[in-house]
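Engineer: after the sequence you'll find the predicted model.
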Amino acid sequence: MRNFLLKCLNLDGGDEKNSTRRRSLLIDKELNREKRLNRRQVKILLLGAGESGKSTFLKQIRIIEGEVFTERALDDFAATIRQNILMGMKVLLDAREKLGIPWGDAQNQTKAIRIMSADPELTMQNASHFRGLLPAIEVLWRDEGLRVAFERRREFQLGDSVKYFLDQLARIGRVVS
């Protein structure tokens, strides 16, 4: 009789038990939904050395699958390209010096000093800063001494995409945001 009265007056903790049961059912339902979704999901572990194309592969898959890049993602790609151009040029300038290769035009030394002192983070974050460096980078890339250093790239580490981006400086300069 006591249990009956406690249940009638909701003094037996029944609401708490019901609430706990409802919460448990909701959690179970969510877990089952995620399990169904995960069954259709394929996971790939990409392994490879730095600069071997892992990220590029994933971007290509996104393009093939028709996934549109957000404006933010495009801005991030552009920032990475700006930084890669600057860092690639710095590597070439440093290699030219260490390999003892003379300048094609000695006046390019001042441009090289400017590029070597440029902050890669600022270049990545600030497109107008990069735009200001572009004329110097273009002149340096045409320098015969720097081209000789590039031809000896097997003697130092240089990213595979550097030549492509340096060859495309005029086009990249037109679209720098």
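Structural biologist: Nice, thanks for sending it over.

Engineer: count the residues that sit near residue 93.
Structural biologist: Under the neighbour criterion other CB atoms under 10 Å, residue 93 is assigned a count of 22. Placement of C-beta: from N, CA and C, glycine included.

Engineer: ok, it - contacts?
Structural biologist: Going by CB atoms under 8 Å, 6 or more residues apart in numbering, residue 93 touches 112, 115, 116, 140, 146.

Engineer: tell me how far the helix or strand encompassing it is from the chain's mean position?
Structural biologist: For residue 93, the host element (DSSP states H and E) is helix 71-98. Here helix 71-98 is found 12 Å from its chain centre; the criterion is CA atoms, centre = their mean, to the nearest Å.

Engineer: ditto for stretch 153-170
Structural biologist: Distance of stretch 153-170 from the chain centroid (CA atoms, centre = their mean) equals 18 Å.

Engineer: pLDDT of that stretch, averaged?
Structural biologist: Averaging pLDDT along stretch 153-170 yields 92.

Engineer: which stretches of this protein have low pLDDT?
Structural biologist: 1-15, 177 (pLDDT under 70).

Engineer: one step back: buried among the contacts of residue 93? Need that as a selection in PyMOL.
Structural biologist: Command for PyMOL that selects the buried part of the contacts of residue 93, burial taken from 16 or more other CB atoms under 10 Å:
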select buried, resi 112+115+140+146
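
Engineer: closest to residue 169 out of the contacts of residue 93?
Structural biologist: residue 140 (10.2 Å; CB to CB).

Engineer: check which helix or strand covers that closest one.
Structural biologist: Taking DSSP H and E as the criterion, residue 140 maps to helix 127-142.

Engineer: what's the angle between that helix and helix 71-98?
Structural biologist: Orientation of helix 127-142 against helix 71-98 (axes from the mean of the first three to the mean of the last three CA atoms, to 10 degrees) gives an angle of 40 degrees.

Engineer: distance of the closest residue in space to residue 79 that isn't next to it in sequence relative to residue 77?
Structural biologist: Of all residues not flanking residue 79 in the chain, residue 124 sits nearest, at 4.6 Å (CB to CB, 6 or more residues apart in numbering). Remark: distance between residue 124 and residue 77 (CB to CB, to the nearest Å) = 11 Å.

Engineer: many thanks, I have nothing further to ask.
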